[in-house]
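Participant: Compute the structure for the input listed below.
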Amino acid sequence: MPDTVDFTDIRVSEDAIEAVEDVLRGGRYVKGPVVERFESAFAEECGVDHAVGVSSGTAALRLALQAADVGPGDDVFVPGHTFFATVSPVLSLGANPVFVDVDSETYTMDPDSLADAAADAENPAAVIPVHIYGCLAEMGAIRSIADEHDLFVLEDACQAHFGDRGEDVAGAAGDAGAFSFYPSKNMTVAGDGGMVTTDDPDLAREMRELRNHGRDDAGTHLHLGLNYRLDETNAAVGIDQLERVRDWNERRNAAAQRYTERLADVDGVETPTEPDDAFHVYHLYVVQTDDRDGLREHLDDRGIGTGIHYETPAHRHPAVEDRTDPDTLPVTERLVDRIVSLPMHPRIEDDEVDTVCEAIAGYLE
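Facilitator: Okay, here's the model as predicted:
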């Protein structure tokens, strides 16, 4: 049974390998036409005007915030339940991460918690809703709060490539969207890589400058920028993966539906919620149970790999733990002790899903 984070499961096609070979033979490894083609195709798929290829999902978040003039003393609202890469770009700019709670069913940012935090903040500047595990946050409500407090809305869509909810599509529902192509994500570039999406031409232009040492097209350094460029070889893989990811998402969603159906009558396990108006792309399939350690050991003994995403909530890491009272995030505090990620990838077979579900039922019932 494949582990939930086995990078070897992310297969690169022969077409992608040939495309990489073409780049290597051509000798243009950075700042070339392949990245531009990838950006154009990705923007079209998201339904936005601009996409900017960068070196990682973390870089995508940081550059979007920097281009939006988020800086020292600014308050940036982030969910307590997320990978720490949502938080580190905020800290790197000298801004203040303000942690808010998540919805108990979708695990995405709770709009009511955001509204309370924004009303109390001294310098509200931005909000980063995270489409965690592949489910879009409630973007309509979040945008309304953002409009009230003049917040820059940056979607962390690093786990939600082409998921949707209502009329919102990941990466097109805020002022900007950040994507990761890390090898375990729904699509990859065979290494680190990221993308920022936006309809704002000025924001896109500045992010292009910031990723290349702050230089404009004339070679003048207009900003304090570093090297956050995406390589041509990575982009060659990304173009190929982009043609396949929607099919992979459909397969993930189908596997998730089978999990949910098979576990519906198993006492002691809570399956994830997919909102009626959403297409959840299930980067991860995460259940909750009171006896997590026992269940994981039981599954491990049967060759079934599991994971925990994420055992330590973002607000309790040492880098920021003095900033937040955990009592203000009760949903996050409860779920991090109960969550288990089950095997999920686009090639998982029905009988493999059934094997996992039978093992869970055998332990809990």
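
Participant: can you give me the helices in the stretch 51-200 of the chain?
Facilitator: 57-67, 88-92, 111-120, 139-149 (DSSP state H, counting those that start in this stretch).

Participant: which one of these lies closest to Arg208?
Facilitator: helix 57-67 (9.1 Å; C-beta to C-beta). All C-beta atoms are positioned from the backbone trio N, CA, C, and that covers glycine.

Participant: That closest one - contacts with which helices or strands?
Facilitator: strand 50-54, helix 88-92, strand 152-156, strand 176-180, strand 194-198, helix 201-210 (3 or more C-beta pairs under 8 Å, 6 or more residues apart in numbering; DSSP states H and E).

Participant: a markdown table please, covering the ones you listed and showing mean pLDDT.
Facilitator: Shown next, in a markdown table, are those (pLDDT from 0 to 100):
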| stretch | mean pLDDT |
| --- | --- |
| strand 50-54 | 98 |
| helix 88-92 | 98 |
| strand 152-156 | 99 |
| strand 176-180 | 98 |
| strand 194-198 | 98 |
| helix 201-210 | 98 |
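
Participant: closest one to Thr273 among these?
Facilitator: Among those, strand 152-156 sits nearest to Thr273 (C-beta to C-beta), with 19.4 Å.

Participant: Which other helices and strands does the closest one contact?
Facilitator: helix 57-67, strand 124-127, helix 139-149, strand 176-180.

Participant: Can I get the ones you listed in CSV including distance to Gln159?
Facilitator: Converted to CSV, the helices and strands packed on strand 152-156 look like this (distance: least, C-beta to C-beta, whole Å):
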stretch, distance to Gln159
helix 57-67, 9
strand 124-127, 18
helix 139-149, 15
strand 176-180, 8
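
Participant: right, so those: which one is the most enclosed?
Facilitator: strand 176-180 (a mean of 30; mean count of other C-beta atoms under 10 Å).

Participant: Report the angle between that strand and strand 194-198.
Facilitator: With axes from the mean of the first three to the mean of the last three C-alpha atoms, to 10 degrees applied, the angle from strand 176-180 to strand 194-198 works out at 160 degrees.

Participant: tell me which strands and helices strand 176-180 is in contact with?
Facilitator: Partner elements for strand 176-180 (3+ C-beta pairs under 8 Å, 6+ apart): helix 57-67, strand 152-156, strand 194-198.

Participant: and if we set it to 10 Å?
Facilitator: helix 33-46, strand 50-54, helix 57-67, strand 152-156, strand 194-198, helix 201-210 (3 or more C-beta pairs under 10 Å, 6 or more residues apart in numbering; DSSP states H and E).

Participant: and the angle from the helix or strand following the last one to strand 194-198?
Facilitator: It refers to helix 201-210. Proceeding N to C from helix 201-210, the next assigned helix or strand is helix 232-242, under DSSP states H and E. Computed by the same axes, to 10 degrees, the angle separating helix 232-242 from strand 194-198 equals 70 degrees.

Participant: can you give me the angle helix 232-242 makes with strand 50-54?
Facilitator: 130 degrees.

Participant: Just the CA trace of helix 232-242, in PDB.
Facilitator: Output of helix 232-242 as PDB, limited to C-alpha atoms (Å, rounded to 0.1, in the frame of the first residue of the first chain):
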ATOM      1  CA  GLU A 232      13.200  26.000 -17.900                       C
ATOM      2  CA  THR A 233      13.600  22.200 -17.200                       C
ATOM      3  CA  ASN A 234      11.000  22.400 -14.400                       C
ATOM      4  CA  ALA A 235       8.600  24.400 -16.600                       C
ATOM      5  CA  ALA A 236       8.900  21.700 -19.400                       C
ATOM      6  CA  VAL A 237       7.700  19.100 -16.900                       C
ATOM      7  CA  GLY A 238       5.000  21.500 -15.700                       C
ATOM      8  CA  ILE A 239       3.500  22.000 -19.100                       C
ATOM      9  CA  ASP A 240       3.100  18.200 -19.500                       C
ATOM     10  CA  GLN A 241       1.700  17.800 -16.000                       C
ATOM     11  CA  LEU A 242      -0.800  20.600 -16.600                       C
END
